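Participant: turn this into a model:
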Amino acid sequence: MKAVAVLLPLLSLSTSFASPTGEQMVLGLPGTSRVPSLSSGDALHAVNEWLDDAKKAILKGKNNLEKWYHDGKEFIKQNELLYELVSHPAFENHQLRVTEPELCDTTVKQYSGYLDIADDKHLFFWFFESRNSPSTDPLVLWLNGGPGCSSSTGLLFELGPCSIANEGKNTTFNKHSWTSSANMIFLDQPVNVGFSYGDDGTTVNTSPVAGKDVYAFLELFLSRFPEYSKQPFHISGESYAGTFLPNVATAIWDGNKQLDIAPNPSIKKINFESILIGNGITDPYVQMGSVADYACNGPYPVYSDPEGPECSALRTKVPTCQRLVKSCYNYDSKLTCVPAILYCNSQLFGPLVQTGLNLYDVRKKCDRSKDGDLCYVQMSWIDAWMNDAKNKVALGVDPSRTFASCNTDVNMAFALQGDGVHNSAKLLSELIDGGIRLLIYAGNADAMCNFMGNERWLDVLESSFQNEFVAAKPIPWVTLGTGKLAGTVRSAGNGGFSAGNISYVVVHEAGHMVPFDQPEAALDLFSRWIANTPLSLN
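Facilitator: Numbers count the residues shown, from 1 in each chain. As a prediction, the model looks like this:
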C-alpha cells in the first residue's frame, strides 16, 4: 500500500496517511506556495509606499540595523522598518522588536512584531488590548494548532477583533471577539509558522522546546508592558495546542517556582491562572481509542450502520494503535513514537478522509476544489490579506516575507519526532493540584479531536479533583446573553460558586473551531471562565 501525504494541519497528529485505495495523492496547503515572494526591490518600494510619513522622517539617514535611544526607549532600523527594541538582562539571547499597527480593530491599542531568539529564531506576535477595561481585564495568550498553523487563523477566522471577508480583500468587525473580555496575544510559534521565521534552516520540532520559547516571549513582553502583568494570565488554544499548552504551562510554572526559590526583581512572576483547550489532542492513547466510537456512534455518525463493515474494520485497528501509543509513552523515543503516528493516522483517520466529509465538522461535505485542502475557503482569504504589502508594513513584517496559514514542513518535522503522541496530559496534574484551573471544551461535530475522547482523558487525569470530576454529571450550559442552551458542563472544585478547577464543556452544533461555529456561545464560555464565575446556573 502506498503512502499518501494528506496533511490536515488543524489536526493535532498531522502526518502521512496510507491510502485505502492505494493511489498516490498529495494535498497542498493554502498559501504555502501560491503567493510569490516580493523581490528586494519590490519590498523596498512597498515599505516606501506604505510606511507613514512620521516613521519615514525618523528613519531618514539611518543605516540598516542602526540603533539609537529616544525618550528612554531603544529603537532599531531593520529592513527599512522602525521598531522599538526591548531586551532583558535575564534573557540575554532574546529581544523584542515592537511596532504599533492600526489594523483590524482601530478602536483599541495594538502592538506587533517579533521575539528574536539568539539571532536565528524570530517569533511573530500581534497583541490587542481589551475593548472593555484593559487595566483590569485578564491577559490571554492564544495559540493555534497544526503544529504548523499560524495564530492568525484564530485571530481572523474565529475569535479575534476582526474577521476575514470578501476573499481576503478586507476584514469586518467581530462583535463576538474574545477581546471583548480580555487583552489578547496571538503568537505564531514555533519558528517558520505564519510570519515567524528561522535563519539558516533553524527549526523547532518538539513541544518542550517550543514551550520554553513562549515563556521567554512572555517575560520580555511583560517587561516592556508591565501594565498587563498584574492581571490574571491565561493560556488558550485549540487542536495541537492540546499538546503545546501543557508544555507552555510547565515552562511558566517552572519559571515561577524558580522565582519563589530565588526572587529576581527584574523578572516578572507571571500571574498564571488557567489553561483553556478547545478540541485538543492531549492524551493520544485515550483519545485514539474513541475514534471508532465517535465515527460509528456519535451524534453525527460518519457511517450509517454502527455494526456495518466500515465500523467493524475501524474498531479492529484501535488496539494496535493504542499498543503503539503506549509504547511511545513508555519509551519516549522516535523509534517508538513515529510508528504510532504513522499507524494511527493512516488506519484510523485514513478511511474517514475517504468519505469526503469535512472531518473538522462532519455535518458538512468537503469539496477541496472549492473549499481548499482544509475544507475552509477562508484559509486562503487569510493568506491573501496577510500577504498584502501594506498590511505587512503596518505589522512590522518585511514585505518580501511570504505568509502561509500552515507550513507543511513544520508539521512534518514535529511528526518525525513523534511529538504528537506524547502524553501531554501527565504534565497537568502538578499544575492543577497547585491551583492552575483547567477548561477543556469540544464541539460535538468534530471528528478529528472528538468530544468523547476529550472527556475520557479528563476522567482518568490524576489530580486531587479526579474523584469529584468522575462523579460529576453533565448539566445544562445556558448562555447569559440570549438564554440559549449551548451545551453541557461537568465541573469539579467549584462548590457552585466558581467556574471550577477542572471543567469540561460539550458545545452543541459546533465543530473543531468552536468560536467560528458558535461565536456567541464561545464568548459566553470564555468570559465566564476567565471571570471564574459558574458555567451553569443549576
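Participant: give the residue spans of the chain that score low on pLDDT.
Facilitator: By pLDDT under 70, the weakly predicted segments of the chain are 1-40, 202, 538.
Participant: the longest helix that it contains: which residues count as buried?
Facilitator: If you go by DSSP state H, the chain has its longest helix at helix 309-331. Judged by neighbour count (16 or more other Cβ atoms under 10 Å), helix 309-331 contains these buried residues: 310-311, 314-315, 317-318, 321-322, 324-329. All C-beta atoms are positioned from the backbone trio N, CA, C, and that covers glycine.
Participant: before we move on, what about stretch 239-258?
Facilitator: Those would be 239-253, 255-256, for stretch 239-258 by 16+ other Cβ under 10 Å.
Participant: same check, this time on stretch 198-210
Facilitator: 198, 204-210.
Participant: which residues touch it?
Facilitator: For stretch 198-210, the external contacting residues (Cβ atoms under 8 Å, 6 or more residues apart in numbering) are 119-122, 147, 189-192, 213, 243-244, 247-248, 250, 409-410, 413-414, 416-417, 419, 422, 424.
Participant: what's the end-to-end length of it?
Facilitator: Taking Cα to Cα, to the nearest Å as the measure, stretch 198-210 stretches 13 Å from start to finish.
Participant: show me how far it is from its chain's centre.
Facilitator: Computed by Cα atoms, centre = their mean, to the nearest Å, the chain-centroid distance of stretch 198-210 equals 17 Å.
Participant: all further residue positions should be reported with the first residue as 22.
Facilitator: In the new count, where the first residue is 22, that last one comes out as stretch 219-231.
Participant: centroid residue for the protein?
Facilitator: Taking Cα atoms, centre = their mean, the centroid of the chain lies closest to residue 165, which sits 1.7 Å from it.
Participant: that residue contacts residue 177, correct?
Facilitator: No. Applying Cβ atoms under 8 Å, one finds residue 165 not in contact with residue 177, separated by 10.9 Å.
Participant: among the buried residues of helix 330-352, which pair sits farthest apart?
Facilitator: The distance between the two most remote of these (Cβ to Cβ) is 28.8 Å, for 331 and 350.
Participant: check the offset of the helix or strand that residue 266 is a member of from the chain's centre.
Facilitator: Taking DSSP states H and E as the criterion, residue 266 maps to helix 262-282. In terms of Cα atoms, centre = their mean, the centre of helix 262-282 is found 17 Å from the chain centre.
Participant: give me the residues contacting the next helix or strand along the chain from that helix.
Facilitator: Note on helix 262-282: by DSSP H and E, the next helix or strand toward the C-terminus is strand 293-299. Outside strand 293-299, the residues within contact range by Cβ under 8 Å, 6+ apart are 159, 253-260, 262-263, 266-267, 270, 273-274, 277, 449, 452, 457-464, 534-536, 547, 550-551, 553.
Participant: against residue 413, how distant is residue 131?
Facilitator: 15 Å (Cβ to Cβ, to the nearest Å).
Participant: burial count for residue 426?
Facilitator: 31 (other Cβ atoms under 10 Å).
Participant: separation between it and residue 329?
Facilitator: Relative to residue 329, and taking Cβ to Cβ, residue 426 is found at 36 Å.
Participant: same question for residue 452.
Facilitator: With Cβ to Cβ as the criterion, residue 452 and residue 329 are 43 Å apart.
Participant: next: residue 322.
Facilitator: With Cβ to Cβ as the criterion, residue 322 and residue 329 are 10 Å apart.
Participant: which one's more surrounded, these two?
Facilitator: For the pair residue 322 and residue 329, the greater number of neighbours falls to residue 322 (14 against 11), based on other Cβ under 10 Å.
Participant: quick one, phi/psi of the nearest residue to that one once chain neighbours are set aside?
Facilitator: Nearest-residue entry for residue 322: residue 316, 6.9 Å, with adjacent residues in sequence omitted and distances by Cβ to Cβ, 6 or more residues apart in numbering. Note on residue 316: backbone dihedrals following degrees, to the nearest 10 are phi -60, psi -30.
Participant: you'd agree residue 316 is up against residue 374?
Facilitator: No. Assessed by Cβ under 8 Å, residue 316 is found out of contact with residue 374, at 11.6 Å.
Participant: with neighbour numbers in mind, choose between the two.
Facilitator: residue 316 (27 against 21).
Participant: any idea how far the more buried one is from residue 474?
Facilitator: Residue 316 is 12 Å from residue 474, by Cβ to Cβ.
Participant: got it, and residue 160?
Facilitator: 30 Å.
Participant: and what of residue 306?
Facilitator: Distance from residue 306 to residue 474, by Cβ to Cβ: 10 Å.
Participant: between those two, tell me which one has more neighbours.
Facilitator: residue 474 (25 against 22).
Participant: quick one: the helix or strand hosting that one to strand 293-299, angle?
Facilitator: Following DSSP H and E, the helix or strand that holds residue 474 is helix 472-480. Angle, helix 472-480 to strand 293-299, by axes from the mean of the first three to the mean of the last three Cα atoms, to 10 degrees: 150 degrees.
Participant: format the CA atom coordinates belonging to helix 472-480 as PDB.
Facilitator: Written as PDB, here are the backbone C-alpha positions of helix 472-480 (Å, rounded to 0.1, in the frame of the first residue of the first chain):
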ATOM      1  CA  PHE A 472     -15.600  15.300  22.300                       C
ATOM      2  CA  MET A 473     -15.800  11.700  23.500                       C
ATOM      3  CA  GLY A 474     -12.100  11.300  23.700                       C
ATOM      4  CA  ASN A 475     -11.600  14.600  25.400                       C
ATOM      5  CA  GLU A 476     -14.000  13.800  28.100                       C
ATOM      6  CA  ARG A 477     -12.400  10.300  28.600                       C
ATOM      7  CA  TRP A 478      -8.900  11.600  29.200                       C
ATOM      8  CA  LEU A 479     -10.200  14.100  31.800                       C
ATOM      9  CA  ASP A 480     -11.900  11.200  33.600                       C
END
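Participant: not counting its own residues, what contacts it?
Facilitator: Under Cβ under 8 Å, 6+ apart, the answer for helix 472-480 is 300-301, 303-304, 307-312, 314-315, 319, 446, 461, 463-465, 490-491, 511, 523, 525, 527.
Participant: same question for stretch 276-285.
Facilitator: 111, 236, 240, 288, 290-291, 293.
Participant: what subset of those residues is buried?
Facilitator: By 16+ other Cβ under 10 Å, these give 236, 240, 288, 290-291, 293 as buried.
Participant: from residue 395, how far out is the residue nearest to the centre of the chain?
Facilitator: The spacing between residue 165 and residue 395, counted by Cβ to Cβ, is 12 Å.
Participant: now residue 336
Facilitator: Taking Cβ to Cβ, one finds residue 336 at 28 Å from residue 395.
Participant: same check on residue 422?
Facilitator: In terms of Cβ to Cβ, residue 422 sits 22 Å off from residue 395.
Participant: more crowded one of those two?
Facilitator: residue 395 (25 against 18).
Participant: neighbour count winner among residue 131 and residue 413?
Facilitator: Ranked by neighbour count (other Cβ under 10 Å), residue 131 and residue 413 place residue 413 first, with 24 against 19.
Participant: what sits against that one?
Facilitator: 67, 216, 407, 419-420, 422, 424.
Participant: for residue 346, same thing?
Facilitator: Counted by Cβ under 8 Å, 6+ apart, residue 346 has contacts 305-306, 309, 361, 365, 442.
Participant: do the same with residue 430
Facilitator: Counted by Cβ under 8 Å, 6+ apart, residue 430 has contacts 169, 213, 224.
Participant: send me whichever helix or strand it is part of as CSV with only the CA atoms.
Facilitator: Assigned by DSSP H and E, residue 430 falls within helix 429-436. This file holds the C-alpha atoms of helix 429-436, laid out as CSV (Å, rounded to 0.1, in the frame of the first residue of the first chain):
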residue,chain,number,x,y,z
THR,A,429,3.8,21.5,5.8
ASP,A,430,7.5,21.3,6.7
VAL,A,431,6.9,22.3,10.4
ASN,A,432,4.0,19.7,10.6
MET,A,433,6.3,17.0,9.2
ALA,A,434,9.2,18.0,11.5
PHE,A,435,7.1,17.5,14.6
ALA,A,436,5.6,14.3,13.2
